[in-house]
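> Here you go, sequence then predicted model.
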Amino acid sequence: MLVTDAWEPQVNGVVRTLSRTIAELRAMGVEVEVVSPSDGYKTIPLITYEEIRLALWAKDDVEERFQAFAPDAVHIATEGTLGWAMRTICRQYNFPYTTSYHTQFPEYVHARFWWIPLMAGYAYMRAFHGKSGRVMVATPSMKAQLEERGIRNLTVWSRGVDTELFNPSRRGVDGGLFADLPKPVFVYVGRVAVEKNLEAFLKLDLPGSKVVVGGGPQKEELEARYPEARFTGPKFGEDLARHYADADVFVFPSFTDTFGLVILEAMASGTPVAGFNAPGPKDIIPGSNAGAVSDDLRAACLEALTMDRAVTRAYAEKFSWRACAEDFLHNLQPLPKPEKKRFWRRLRAIRLRRKPATPATPAR
């Protein structure tokens, strides 16, 4: 049973990771029950991120689904209302569970609400993940960073990329998407929001052109402030894949991501990546010859321009969604078969004891 507050129709790295992992698990013969805000619960939008809907008053239904599905393992993917509900249920039944850390939530909150200190955010994270059997994180550097913050039982769960959709063959189709722009073309793909540190890219003195692909609360403000950059809005599917492939360099300025799935999507398209020396870029790029990381983002961008696109593509081909799913399955802590049988037998007995007795038929 996988419980997540982030799910389709949202479009972000967390949803792509979970949906592709689940698809691979099912192809491997694993039965997966997904609990998400899309399951008919009353929801409210997350403050400052309206695409994410938080489910309200869902615990009783989630508990019924847990009992009916009788899972071998429970994974809680996010720290929202559904995540807390499932955590409470697992603690109530003394059922083991795992969690994952997809977003640097304390940094995300602090970037938007500067008066909320990082220590408060990490206290929240420790409270949520503290009893998890394993906390899955995307990179070794993220694991080390969280260990320093007092989070334990951490293990690395890497990511994959769709190498068929994101492919160098899409470059230059019909003259290319950026035929009218001065070259080289530096592209960013992702949410246009303050926590993505997008201005670090837009204010750089670079040759050629800058393109921003995506939507978000900061889009209009940044469009007005940087009129020389092209803002395309969100793109999907093959259209998105062409934007990656037609770029000369993909720029990833974020300090708050835990991995940056867009890095692999760009590389799979043959486009080298420039980023800061931060979690995600510093785990994926160094030694790959598929991009550059530096404390000087401009220097990283110019260095990435010199990278071989064929080498970049070859590096991305090492990351598969099947390997990602196998890694995830290995990190789960399912109940051993004998213990599982005892657990569900005890639970059935408890439910029978709680079931109201059927009233006796009165004698005539």
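Good, I have the coordinates.

> switch to C-alpha atoms for all contacts and neighbour counts from now on
Fine.

> Stretch 267-278: end-to-end distance?
18 Å (CA to CA, to the nearest Å).

> now swap in stretch 276-287 and tell me
End-to-end distance (CA to CA), stretch 276-287: 15 Å.

> With stretch 66-78 instead?
17 Å.

> So what touches it?
The contact list for stretch 66-78, computed with CA atoms under 8 Å, 6 or more residues apart in numbering, reads 1-6, 33, 83, 86-87, 96-102, 332-335, 340, 344.

> Give the other helices and strands that the longest strand along the chain contacts.
Using DSSP state E, we find that the single longest strand of the chain is strand 49-56. For strand 49-56, the helices and strands in contact under the criterion 3 or more CA pairs under 8 Å, 6 or more residues apart in numbering; DSSP states H and E are strand 42-46, helix 81-93.

> In JSON lines, list the ones you listed along with mean neighbour count.
Conversion of the helices and strands packed on strand 49-56 to JSON lines gives the following (neighbours: other CA atoms under 10 Å):
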{"stretch": "strand 42-46", "mean neighbour count": "14"}
{"stretch": "helix 81-93", "mean neighbour count": "18"}
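
> which of those has the lowest average pLDDT?
Mean pLDDT is lowest for strand 42-46 among the helices and strands packed on strand 49-56, at a mean of 88.

> Distance from it to the middle of the chain?
19 Å (CA atoms, centre = their mean, to the nearest Å).

> mind exporting that strand as PDB, just the C-alpha atoms?
Extracted in PDB, the C-alpha atoms of strand 42-46 (Å, rounded to 0.1, in the frame of the first residue of the first chain):
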ATOM      1  CA  LYS A  42     -12.700  16.400   0.500                       C
ATOM      2  CA  THR A  43      -9.600  18.400  -0.200                       C
ATOM      3  CA  ILE A  44      -8.200  21.900   0.200                       C
ATOM      4  CA  PRO A  45      -5.200  23.400  -1.700                       C
ATOM      5  CA  LEU A  46      -1.800  23.600  -0.100                       C
END
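
> Contacts for that strand next, please.
P37, E51, I52, R53, L54, A55, L56, W57.

> To which secondary structure element is the closest residue to R170 other than its chain neighbours assigned?
Excluding the flanking residues, the one nearest R170 by CA to CA, 6 or more residues apart in numbering is R242, at 5.5 Å. Assigned by DSSP states H and E, R242 belongs to helix 237-246.

> packing partners for that helix?
Against helix 237-246 (3+ CA pairs under 8 Å, 6+ apart) you get helix 261-268.

> What are the contacting residues of the helix it packs on?
In contact with helix 261-268 (CA under 8 Å, 6+ apart) are residues 13, 159-163, 166-168, 189-190, 244-245, 250, 252, 272-273, 281, 290, 312-317.

> Those residues in strands, which ones?
Among the contacts of helix 261-268, the ones falling in strands (DSSP E) are V189, F250, F252, V273.

> Tell me the one of these nearest P117?
Lowest distance from P117 to the ones in strands among the contacts of helix 261-268 (CA to CA) belongs to F252, with 25.1 Å.

> residues in contact with that closest one?
Taking CA under 8 Å, 6+ apart as the test, what F252 contacts is Y188, I263, V273, A274, G275, F276, P281.

> For the residues you listed, which entry has the maximal number of neighbours?
Using other CA atoms under 10 Å as the neighbour test, these are led by V273, with 33 neighbours.

> Check what pLDDT it gets.
98.

> partner residues bridging it?
Taking DSSP bridges as the rule, V273 bridges to F250, G291.

> could you check the distance from it over to L347?
Applying CA to CA, the value for V273 to L347 is 52 Å.

> again, but for D39
Counting by CA to CA - D39 and L347 are separated by 25 Å.

> more crowded one of those two?
L347 (15 against 10).

> ok but the more buried one is inside a strand, no?
No: looking at L347 with DSSP: H, G, I helix; E, B strand; the rest coil, it is helix, so not inside a strand.

> No further questions, thank you.
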